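[1] model this:
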Amino acid sequence: MDNQPQQEQQKEQHQTYESRQEEMLAAEARAISSFLRVVNTIRDNGKVNPMSEKTALKFLISRKYDVQRALQLYQMHEITRLREGLTSIDPNDEHLKQELNTEKFTILKHRDSNDSAIAIFTAKLHPAIKSSKYQNFRKQINRYTLQGIVYQLDSALEDILTQRNGIVFVYNMSGSDYSNFDYELCQKILLLLKGAYPAKLKKVLIVSPPFWFRAPFHLLRLIVREKLRDRVWLLNIDKLLEHLPPQALTPELGGSYLHNHQAWIEECNNLHKTRLHDLCDPTSAQALVKSLSNKSWNSRTKRNSNDASASLEGLVLESYMQNLDETRLNSGTKRSKPFIYDYDDEGMSLSQLIEVIRNKGKKGLGEEYDEIAKKEDFGTFLVSSSPSNMRKNRYINVRCFDHTRVVLDPYDLPDGLSASQNDPMDYINASYIDGYRQPKAYVSTQGPIEQTFVDFWRMIWQTGCRVIVMVTLNIEQDRLKCDQYWPSSNNPIMMAGSYAIECLNQEFHDDFIVTHLRLTSTKSQVSRDIWHLQFISWPDFGTPDTSTALLKYRDSIIKKQHEAIEQTASTSYPPLVVHCSAGVGRSGTFVAIDICIQKFETTGLVDIKSVVTKLREQRYYSIQTRHQYIFCYMALVEYAASCGLLAKQDIVGLFEDE
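    Presented below is the predicted three-dimensional model:
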C-alpha cells in the first residue's frame, strides 16, 4: 500500500515527460515545415528539386530549431559557397585529389569528451607562396584547399553526432613559418565555420603559434562572434591535452591515435556517392542570390509576421538596398574596365623598410612625397565642377574624379525634391577607394555642410555603410571644419530628408568618441545600426606626435565593423565612410595606414609609396602634406613594434628631425 502513491507519482512524471516529448517533437516538426516552406519556395522559383527533410535538419539542429536563425544560416551558407566555388565539388578533379591527399586538412574518427568531431588543419603542409607574381596560383591553391575542407565537412556532417555536438577546429602551426601562413585563407575558413556552415563551431585551438602570429591572431579573433571569442585558444602542444583526450589525438599532437587519412578520404568518397546532394545545389544558390537582388520577390513573399517566410523579408530588403548602388553603377556610369587597384605588386620586408627610413631620413621621405605629389593627371572633374554641384563642395579646390565618384540613386529623395536634367541629384563630394584585396572598401568624403546632410545620409544608406570614421573636430582654430550632421546624447533625434537618425548611446575615450546611431528609412520603415567614431586628437594639416592613439582608434573601428557585419546578411564588409574636413588630408592618411597594415599582416610586406600613389589616383589630392606622408611610415613602424616584431633599439631615432 505504501508503494501505491509512489507508483502513481512515477506514472504521472512519466506521462508528463512523454507529453513534453510530444510537444517538443511537434514543435520541431513545425520548425521543419516552416523552414522547408521558405527554402523550397526559392528552389521552386529556380526550378530546383526541393530540399530534403534530412538536409533541413542540419540547419535547424545547428540553430536549436530557431527557424529565423536557421534561415539566416542557410542564406549565408548558399551565398558563401556560391561565391567561393564550393557548390559543385567533384572528387574526381585531379587538383582536388592532390589537395585531399596532402593530409593538410583531415577529420579524425575519434571524438572529444563531448562527442564533438575533431578537424585538424596542418599549416606547414600549405604551400609557401608569397611573391605577388604567383597570386593567381595562390588563389587556385586556396580555392582547392577550401573545396577539400568543405568536401570533408559535408561527409562528417552526415553523422548525427556531428550535427548535434559540433566541431572542434585545431589549427596546427607546429613546424610552420610565415611563408606557410595565408591570412586570407584563414579568414575565409573562420568566416565559413562561424556563420556560414550548418555545424556548431565549439572551439578553435591554435597550436604552437610562432611569435610573429600575434598580429594576425588579433585580427582573426575579431572575426569570430563575441560569444565564441572565449573559445579561441592559443596554446602549446602540452596544453592541448587539457582540451582534447590523448586517445583522440595523433602522435604529432601529443596523443596516441593513429589516424588513417586515406581511409577517411575513401569514406568521404563513398558517402559522396550515396548521400543526397541538396546541401548546396549551385542552381539553388543562384536562385537565392537572384531572389535577394529582386525587389519583387520580397513583395511576393511578404506574409504575416508570425509566418516563417517573413523572417527573410528584412534580409532581402537589406540586400536589395545595399546592391542598388552597384546595380546603378553597372548600368549608369560607363567605365572601360573595372577600377580595381592591386596593392600586391610591390613591397619590401620590415627590415628593408627600417633601412630605407634610416637611409632617407625625414628629408628624404619628404622628397619621396614631393615626387608623388607632382603626378596629378589621373582623371576628369566634369560632374564635380558643374554649376549645380559646385555649391555642394566644401572647398572649391577639392573635387571628385568622375571615374571613382559615388553616384547617388534618386529613389530616396525627400518629398518635394526630384531629379532633373539640370540636376540629377546624384552628386556628393565623395570617392570610392579600393582597399586591400577589397574593391570599394572605403568612401572618402568631405565633412558634410548643412546643404549636403540629406545627400550624406542617402550615401550612408545606399552604400550599406555601417561605420563612419571622422578624423576632424567640428571647429578647429576658430574655423568651422565640419557641420554637426549627426545627433548626440544632448540632441538625440534629427531628420535628414527621408531618413531619421537617432543617438542610442555615446562612449567617451581619451582620444575618440563612439556614437551608436540608428538610421531609419521613413519610406521603407527599415532601420540599421550605424557606429560613428570621431578621432579628436589629430591637428589640422599636422599629425599626432605618435600613432599609438590612432592605432587604438583603428582597433575600435575594426571591432565595430565586425559587429556590424554580424547584424547583416552580407557576405563582405560594407565600405568605411572616412572623412575629415576636405576628405583628402587626414582621411587619406588614415586610409593609407589601414591598407598598409592589412597588406603587412597578409604578406609581411609594405610599400607606402605605391599605396599612396594609387590612393591619389582614386581620391584627388589625398594626403596633403609631407608630415602626413611621413606619419604613414611612423604608424607602420609603431604598429610592427606594438606586435613585438621590432625591438626598441630598431626604431630609436628613426623619425628625429635632422
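[2] Not counting sequence-adjacent ones, nearest residue to S547?
    In space, and not counting its chain neighbours, S547 is closest to A635: 3.8 Å by Cβ to Cβ, 6 or more residues apart in numbering. C-beta: built from backbone N, CA, C; applies to glycine.
[3] Surely that neighbour forms part of a helix?
    Yes - the secondary structure assignment for A635 places it in a helix, going by DSSP: H, G, I helix; E, B strand; the rest coil.
[4] Surely it touches L550?
    Yes - using Cβ atoms under 8 Å as the test, A635 is close enough to L550 to be in contact (6.6 Å).
[5] list residues touching both of the two?
    I593 (Cβ atoms under 8 Å, 6 or more residues apart in numbering).
[6] per the record, what domains does the chain have?
    The chain breaks down into these domains under automatic domain parsing: 7-83+281-324, 94-259, 350-482+491-649.
[7] The ones you listed: which one's closest to Y341?
    Across the domains of the chain, the minimum distance to Y341, taken as Cβ to Cβ, is reached by domain 350-482+491-649, at 4.3 Å.
[8] Just give me how far the closest one sits from the chain centre.
    18 Å (Cα atoms, centre = their mean, to the nearest Å).
[9] still on that earlier bit, the residue nearest to S547 - how many residues pack around it?
    Taking other Cβ atoms under 10 Å as the neighbour definition, A635 ends up with a count of 26.
[10] and it, what is it in contact with?
    Remark: with contacts taken as Cβ under 8 Å, 6+ apart, A635 is in contact with S547, L550, L551, I593, C596, I597.
[11] what's the pLDDT at it?
    Listed pLDDT for A635 reads 96.
[12] just T333 next, same as before
    Model confidence at T333, given as pLDDT, is 37.
[13] what's the answer for K392, then?
    Model confidence at K392, given as pLDDT, is 95.
[14] From L408, how far off is the closest residue to it other than its chain neighbours?
    Across the structure, with Cβ to Cβ, 6+ apart as the measure, the residue nearest K392 apart from its sequence neighbours is T452 (5.4 Å). Using Cβ to Cβ, to the nearest Å, one obtains 11 Å as the distance from T452 to L408.
[15] returning to what we had before: which ones among the contacts of A635 are found in helices?
    Among these, the subset assigned to helices under DSSP state H consists of L550, L551, I593, C596, I597.
[16] Low-confidence stretches in the stretch 251-400 of the chain?
    Judged against pLDDT under 70, the low-scoring parts of the stretch 251-400 of the chain cover residues 287, 289-340, 377.
[17] Okay, helices next: where are they in it?
    With DSSP state H, counting those that start in this stretch, the ranges of helices along the stretch 251-400 of the chain come out as 261-274, 282-292, 295-300, 313-331, 350-373, 387-390.
[18] distance between the ends of stretch 596-616?
    By Cα to Cα, to the nearest Å, the extent of stretch 596-616 from end to end equals 15 Å.
[19] what's next to stretch 408-425, contact-wise?
    Contact partners of stretch 408-425, identified using Cβ under 8 Å, 6+ apart, comprise 324-325, 328, 388-389, 426-428, 454-455, 458-459, 461-462, 497-499, 521, 523.
[20] Return the backbone torsion pair for the spatially closest residue to G379 that is not a sequence neighbour.
    Taking Cβ to Cβ, 6+ apart, and ignoring the residues beside it in sequence, G379 has F401 as its nearest neighbour in space, at 3.9 Å. Comment: the main-chain dihedrals of F401 come out as phi -60, psi 140, following degrees, to the nearest 10.
[21] F401: neighbour count?
    For F401, the count of nearby residues is 21 (other Cβ under 10 Å).
[22] S431 is in contact with that one, correct?
    Yes - taking contacts as Cβ under 8 Å, F401 lies within contact range of S431: 6.3 Å.
[23] who touches both of those two?
    Contact criterion Cβ under 8 Å, 6+ apart; residues bridging F401 and S431 by contacting each: Q618, R619, Y620.
[24] For the one helix or strand F631 maps to, buried residues please.
    Element membership for F631 (DSSP states H and E) is helix 626-642. Neighbour-count burial for helix 626-642, with 16 or more other Cβ atoms under 10 Å as criterion, is recorded at 626-640, 642.
[25] out of those, which one sits closest to E23?
    Proximity of the buried residues of helix 626-642 to E23 was ranked by Cβ to Cβ; the top entry is S642 with 55.1 Å.
[26] I'd like the distance between the closest one and A29.
    Taking Cβ to Cβ as the measure, S642 and A29 are separated by 54 Å.
[27] Next, the contact list for Y633, please.
    Neighbour list for Y633: L353, I357, L365, I608, F655 [criterion: Cβ under 8 Å, 6+ apart].
[28] Who wins on neighbours among the residues you listed?
    Once you tally neighbours by other Cβ under 10 Å, I608 ends up highest among these, having 27 neighbours.
[29] Which pLDDT value belongs to it?
    Per-residue confidence for I608 comes out at a pLDDT of 96.
[30] Distance-wise, check the nearest residue to it once chain neighbours are set aside relative to I557.
    Taking Cβ to Cβ, 6+ apart, and ignoring the residues beside it in sequence, I608 has C632 as its nearest neighbour in space, at 5.0 Å. C632 sits 17 Å away from I557 when distances are taken as Cβ to Cβ.
[31] ditto for R528
    Noted for R528: a distance of 17 Å to I557, by Cβ to Cβ.
[32] just E184 next, same as before
    E184 sits 20 Å away from I557, taking Cβ to Cβ as the criterion.
[33] More neighbours: those two, which one.
    A count of neighbours by other Cβ under 10 Å puts I557 above the other of E184 and I557, at 22 against 14.
[34] helix or strand for the more buried one, which one?
    Counting by DSSP H and E, the secondary-structure element that holds I557 is helix 548-566.
[35] helices or strands next to that helix in the packing?
    Using 3 or more Cβ pairs under 8 Å, 6 or more residues apart in numbering; DSSP states H and E as the contact test, the elements touching helix 548-566 are helix 214-223, strand 467-470, strand 512-521, strand 526-535, helix 585-603, helix 626-642.
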